[in-house]
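> generate a structure from the sequence data that follows.
(2 chains)
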Amino acid sequence: MKENIQQLLEQTVAILKQENILPADAMPRIQVDRTKDKSHGDFATNLALMTAKPAGKNPRELAQLICQHLPQSAFIEKTEIAGPGFINFFVADNALTDQLEAAYVDPDLNVTKTTSPQNIVVDYSAPNLAKEMHVGHLRSAIIGDSVVRTLEFLGHHVIRQNHVGDWGTQFGMLLTYMERLQQQGGEISMELHNLEKFYRAAKKCFDEDESFSTRARELVVLLQSGDAHCKELWQQFIDISLAHCQETYDKLGVSLSRSDVKAESSYNDDLQNVIDDLTQQGLLVEDNGAQCVFLDQFKGKDGDPLPIIVQKTGGGFLYATTDLAAIRYRKNVLKVDRVLYFVDARQSLHFQQIFTLAKKAGFATHAMSLEHMAFGTVMGEDGKPFKTRSGDVAKLADLLDEAQQRAYDLVKQKNPDMDQAQLKIIGDVVGISAVKYADLSKTRTSDYTFSFDSMLSFEGNTAPYLLYAYTRVASIFAKAGVAADSIEGEIILNSEQEKVLGNKLMQFNDAVNNVAAKGLPHVMCSYLFELAGAFSSFYEACPILIAEDQAVKNSRLKLAALTAKTLQQGLSLLGIKTLERM
RNA sequence: GUCCGUGUGGCCUAAUGGAUAAGGCGUCGGUCUCCGACACCGAAGAUUGUGGGUUCGAGUCCCAUCACGGAUGCCA
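Sure, this is the predicted structure:
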């Protein structure tokens, strides 16, 4: 509907130019907004305010002219000029009901798909395989996955890339520890069952035993030079670590699989080429033994130039090098239009540098959009970065177990008679959803506080509230004995609550497109929470199964069905499952 | 030092430069002989850190300033 008004205004602008009311070179950005206040109609535009100056007219007078030249449309019941020169559009009732009917019969809720599908790499999750995933890995995986789902829903071609860290110096230490275990006749795969413990044990040896640390440094060099023995140990470690990750993804409902892994090590053979390329272009400078690129726009302390170090003293490569190689791969092999990096905000300087350099060196085309989708830190309730009670970094797997256990207890408390298997299923979904939703519902860029109590609350903007709202709708159809997708009759919007719900249902399209454009899933969360609220008010005020007559009943059933479908689709774009009862 | 981010009712959180700053928690008061009250309805509660500026219009943009967090040459 917004698009329709936009088109009408574009036509109007063209007419006004022909009549010399607007200067021919005026190119106003036509902006149509949903109004906050019903008295201002359904949509408003500030077109007259924006073009008043170039037209040399006062805004209200110009608004008048715009309305007079506006092409006729069945969508619009009337227009009004308000305030300093806003034009308010009142949408015809049947236009809204037509849209609702269209959404009802469309499996994709009549969402406008993209007309120009892009190739988009989404670089997310990317844990370091040396250790087990911890709470710090939560946000990238959850938020990235939601944006992936949304982009795919709109028809884009998304390439998931899990840029796992499998090539750092810690691997020398880990391989040495594996070697020792092997020599002592230990069962490595058993020991690796608890990666965290394994890492700590290796670290202890590394710090305390000199022969160990010497061997560890040797093994790094051997590994990177392709030694078969090292490669074998390394591969064994990586396989087990990746299996751990996969378990976590599966439990979390993150749509990453083994085939999406594009590890750091896979760019290994290309790193020297990156250096050579930079050298050829005259971008590389040796400084204190390291190979650096200095870019004018990045200054350090006292205005000194800030280097991007791409090769260490002694020849080692750094993550800047790998990231550059990755960009080049994405340009040359994957031919992408857009790359989204879901990485901690603390790395924003790094990405600014890499993006600037990549464009300058031709590793990315200027048309390629490189976007750092930064996110804040997960805080504990003490306001400091989240830790367990013992002060350790919380293991992600443990955290998810606890969420599920707490959810199980809660649901059991509310449904004492429910059988255990059912409780388990519900608890698992509620627990995971709560963790994901708590993260997704806050603006990506800010820090957020991890709190089991608030995320598992049934009140407020939480997963349990939304899941509950969904089960209420679902139960109507169970009780009515009709299928949600085969309701006869037309939607009729009589009461205030029905109109509010109808309007809210039609805003799903905006929400989806906003999430895709900006990579901000909290927009979807806010929308779904508002939708659930609109439904609850409707549900209180408008009896459905016991409605006064059949036509009203069918109309309300349709609204309920559309609400259920929208909630389910929206939650699914967030990576959250729904339950039929809870 | 420099750069980046954040600062919104007691607490948490929202708002493509638009109209009266929107919700939630908590508080207070209502509503179940009625489709799931894990719900709904209502009330109180805000000069958007501070001071300037741009604009017809600023929580949003610019400058200054304060507070907190982060980054800042061989980890990622």
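> where does the stretch 301-450 of chain A have low pLDDT?
A:301-303 (pLDDT under 70).
> which parts of it sit against RNA strand B?
For the stretch 301-450 of chain A, the residues in contact with RNA strand B (Cβ under 7 Å from any atom of the strand) are A:301-302, A:304, A:306-307, A:309, A:312-313, A:316-319, A:322, A:345-350, A:376-377, A:411, A:414-415, A:442-443, A:445-449. Heads up, the C-betas are built off the backbone N, CA and C, glycines and all.
> PyMOL command for the buried members of the residues you listed?
Selection of the buried residues among those in PyMOL, burial being defined by 16 or more other Cβ atoms under 10 Å:
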select buried, chain A and resi 307+309+317+319+322+345+376+377+411+442+448+449
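> mind checking which of the residues of the stretch 301-450 of chain A next to RNA strand B land in helices?
The helices, defined by DSSP state H, take in A:Tyr319, A:Thr322, A:Ser348, A:Leu349, A:His350, A:Val411, A:Lys414 from these.
> closest one to A:Gln236 out of the residues you listed, please.
Proximity of these to A:Gln236 (Cβ to Cβ) peaks at A:Thr322, which lies at 22.8 Å.
> in contact with the closest one, which residues?
Residues in contact with A:Thr322 (Cβ atoms under 8 Å, 6 or more residues apart in numbering) are A:Glu264, A:Tyr267, A:Leu271.
> give me the nearest residue to the last one, chain neighbours excluded.
If I follow you right, that is A:Leu271. Nearest residue to A:Leu271 in three dimensions, chain neighbours excluded: A:Phe317, at 4.6 Å (Cβ to Cβ, 6 or more residues apart in numbering).
> who's the one you found bridged to?
A:Gln311 (DSSP bridges).
> quick check: it touching A:Ile309?
No. Here A:Phe317 does not reach A:Ile309: they are 9.7 Å apart, not a contact under Cβ atoms under 8 Å.
> ok, which pair from the ones in helices among the residues of the stretch 301-450 of chain A next to RNA strand B is furthest apart?
Taking Cβ to Cβ as the measure, those span a maximum distance of 49.5 Å, between A:Thr322 and A:Lys414.
> contacting residues around the residue nearest to A:Leu271?
Counting by Cβ under 8 Å, 6+ apart, A:Phe317 has contacts A:Leu271, A:Ile275, A:Val310, A:Gln311.
> for A:Gln224, same thing?
A:Trp167, A:Asn268.
> any idea how far it lies from A:Tyr539?
From A:Gln224 across to A:Tyr539, the span is 63 Å (Cβ to Cβ, to the nearest Å).
> about what we covered before: looking at the contacts of A:Phe317, spot the one nearest RNA strand B.
A:Gln311 (7.5 Å; Cβ to the nearest atom of the strand).
> list the contacts of that closest one.
Shown in contact with A:Gln311 (Cβ under 8 Å, 6+ apart): A:Ile275, A:Ala290, A:Gln291, A:Phe317, A:Leu318, A:Thr321.
> nearest residue to the fifth one other than its sequence neighbours?
Put plainly, it is A:Leu318. Once flanking residues are discounted, A:Leu318 sits nearest to A:Ile309: 5.9 Å by Cβ to Cβ, 6+ apart.
> correct me, but that neighbour touches A:Glu286?
No. The criterion here is Cβ under 8 Å, and A:Ile309 misses it with A:Glu286 at 10.8 Å.
> between those two, what contacts are shared?
Common neighbours of A:Ile309 and A:Glu286, using Cβ under 8 Å, 6+ apart, are A:Cys292.
> list the contacts of stretch A:417-436.
Contacts to stretch A:417-436, defined as Cβ under 8 Å, 6+ apart, come from residues A:138, A:142, A:251-253, A:399-400, A:403-412, A:415, A:452, A:455-456, A:462-464, A:467, A:571, A:574-577, A:579, A:581-582.
> just stretch A:272-286 next, same as before
Stretch A:272-286 has contacts (Cβ under 8 Å, 6+ apart) with A:291-294, A:307, A:310-311, A:317, A:321, A:324-325, A:328, A:357, A:360-363.
> what do you get for stretch A:382-390?
Stretch A:382-390 is touched from outside by A:Val135, A:Thr377, A:Val378, A:Met379, A:Gly380, A:Val393, A:Ala394, A:Asp398, A:Thr449, A:Phe450, with contacts defined as Cβ under 8 Å, 6+ apart.
> what segments of the stretch 201-350 of chain A are strands?
Listed in chain order, the strands of the stretch 201-350 of chain A (DSSP state E, counting those that start in this stretch) span A:284-287, A:290-299, A:305-311, A:338-341.
> of those, flag the one that's most buried.
Among the strands of the stretch 201-350 of chain A, strand A:338-341 has the highest mean neighbour count (mean count of other Cβ atoms under 10 Å), at a mean of 23.
> if we look at that one, which residues are touching it?
A:118-124, A:144, A:147, A:327, A:330, A:351, A:368-373, A:519.
> let's see the PyMOL selection covering just the buried ones among those.
The PyMOL selection below is limited to those of the contacts of strand A:338-341 classed as buried (16+ other Cβ under 10 Å):
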select buried, chain A and resi 119+120+121+122+123+124+144+147+327+330+351+368+370+372+373+519
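> which of the contacts of strand A:338-341 fall within helices?
The helices, defined by DSSP H, take in A:Gly144, A:Val147, A:Ile327, A:Arg330, A:Phe351 from the contacts of strand A:338-341.
> next, give me the two most distant ones among the residues you listed.
A:Val147 and A:Ile327 (19.2 Å).
> quick one: pLDDT of the residue in the stretch 351-500 of chain A positioned nearest to RNA strand B?
Closest contact between the stretch 351-500 of chain A and RNA strand B, by Cβ to the nearest atom of the strand, is at A:Gly460 (2.3 Å). Looking at A:Gly460, its pLDDT reads 92.
> what's the answer for A:Gly186, then?
The per-residue pLDDT reported for A:Gly186 equals 78.
> now A:Lys518
On pLDDT, A:Lys518 comes in at 93.
> ditto for the one 10 residues further on
pLDDT, the model's per-residue confidence, is 97 for A:Leu528.
> SS state for it?
Here A:Leu528 is recorded as helix under DSSP: H, G, I helix; E, B strand; the rest coil.
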